[in-house]
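**Q** Predicted model and sequence follow; I will ask about them next.
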Amino acid sequence: MNPPVRVLYLAGSGRSGSTLVTTVLGQYDGVFAAGELRYLWQRGEVENRPCGCGRPLRDCPLWREVRRELPVERAAGIAAGLRGRLRMRGLPALLRRHRRGVRPVSAHPDDPALADLYAAVARHTGARVVVDSSKLPPYGALVDALPGIELRVLHLVRDPRATAFSWRRRRGLDGDADPELMSRPPVWKAALLWLVWNTVTVRLWAGRAPTGYLRVRYEDLTADPEATVRRIAAFAGVDPDGGPFTGPATVRLTPTHSVAGNPSRHRTGPVPITADVQWRRDLSRWSYALVTALTAPGLRRFGYPWRRGGPAPAGAGRPARGGPAAAGGRSVGVGRSGPARHEEG
Ligand SMILES: [Zn+2]
């Protein structure tokens, strides 16, 4: 019996820095940045979209080896099966099962293929930790129940006004030249999804802290990148000294072989990590008020102020370097055309 594959699962809502964290962690020895593995079957296998290394996924030498061990001829069916099992309307039942102590996502005939994916990735990369940035909590619950997996959950949270603003940006799915756009939900929908996914992530896994669950806010990550990534590395069981930092807020990135995710996963070379705070200036008052009202219960829980630039509720969030917990990240090196903003993932 092989030892279990340790999966660092990035959970939460989109546009919270998960692509950045995945790419940075992928630079450590013993870590494989797999990207959003729930999309491997559709976007990777069926659509043959680019791997993080730039090649179409089916041409990537690494994925060619992994795919040999998978039932890739059934990829479209597996992708459809996943979509069916992870539907939003299944969420109440999922939480009920979790409360009762039974596996939240029921077993399925495709589960052995999904388990084989993680095992094959670990075998071919030699990684001790596989980073899966799929984010969707129901998929994380599904992976958690697969045989041979040891799940550690990294919960990334970002101010919902920032994520709602980021979702509205027009972005190609695989870069600006891609005619297929990333989804652009309206702000009310982005706000509700933020609340649902972050709340469900807490319900499913917060009880496993500190060894199985770590919550990190985007604002703390961008305020103190190196210290925050070291904390994540230690949580994942990776030597925190082996990272790509050339300064407290600068990393040197080499290509990864990540599946799907934000187009920023293709960036390489020296990359400064700074907060994207354009939303503070450009999010309309109406949108700000709407998102604030819809996410109110979560704002307090995760330490975000109600008013623009206002103080965080007492005792919420975690200050970085003694700074205000809810500062929303420092506005260093930020601008509309700044190349180094990490707004999403
Ligand atoms: Zn590749």
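**A** Alright, I've got the coordinates. Fair warning: this is a prediction, and the values are worked out from it, not measured in the lab.
**Q** contacts, neighbours, all on C-alpha from now
**A** Will do.
**Q** how about Ala76, what does it touch?
**A** Ala76 makes contacts with 41-42, 46, as judged by C-alpha atoms under 8 Å, 6 or more residues apart in numbering.
**Q** and it, which of the three is it?
**A** Here Ala76 is helix, with the state taken from DSSP: H, G, I helix; E, B strand; the rest coil.
**Q** Once you drop chain neighbours, what's closest to the closest residue to the ion within the stretch 101-250 of the chain?
**A** Minimum separation of the stretch 101-250 of the chain from the ion (C-alpha to the ion) falls at Thr125, amounting to 11.6 Å. Using C-alpha to C-alpha, 6 or more residues apart in numbering and skipping residues adjacent in sequence, the residue nearest Thr125 is Phe32, 6.8 Å away.
**Q** wait, doesn't that neighbour sit right on Arg123?
**A** No. Look at Phe32 against Arg123 with C-alpha atoms under 8 Å: they stay out of range, at 10.8 Å.
**Q** who's more crowded, these two?
**A** Phe32 (27 against 13; other C-alpha atoms under 10 Å).
**Q** on that earlier part again, can you classify the residue nearest to Thr125 as helix, strand or coil?
**A** Relying on three-state DSSP, one would call Phe32 strand.
**Q** and it, what pLDDT?
**A** Phe32 is assigned a pLDDT of 97 by the prediction.
**Q** residues in contact with it?
**A** Phe32 sits in contact with 25-26, 122, 125, 127-131, where contact means C-alpha under 8 Å, 6+ apart.
**Q** Looking at those, which one is closest to Ala75?
**A** Ala122 (19.8 Å; C-alpha to C-alpha).
**Q** so how many other residues sit close to that closest one?
**A** Per other C-alpha under 10 Å, the neighbour tally for Ala122 reads 23.
**Q** For the strand or helix carrying Trp188, buried residues please.
**A** Using DSSP states H and E, Trp188 falls within helix 187-205. For helix 187-205, a neighbour-count test (16 or more other C-alpha atoms under 10 Å) marks 187-188, 190-202, 204-205 as buried.
**Q** Nearest to the ion within the stretch 201-345 of the chain, name that residue for me.
**A** Nearest to the ion, among the residues of the stretch 201-345 of the chain, is His257, at 3.9 Å (C-alpha to the ion).
**Q** wait, doesn't that residue sit right on Arg55?
**A** No. Between His257 and Arg55 there is no contact under C-alpha under 8 Å: 9.2 Å.
**Q** who's more crowded, the two?
**A** The neighbour comparison of His257 against Arg55 (other C-alpha under 10 Å) goes to His257, with 24 against 14.
**Q** Contacts only, for the more buried one.
**A** Residues near His257 by C-alpha under 8 Å, 6+ apart: 33-35, 51-53, 62.
**Q** what does the stretch 201-345 of the chain have sitting close to the ion?
**A** Selection of the stretch 201-345 of the chain residues close to the ion by C-alpha under 5 Å from the ion yields His257.
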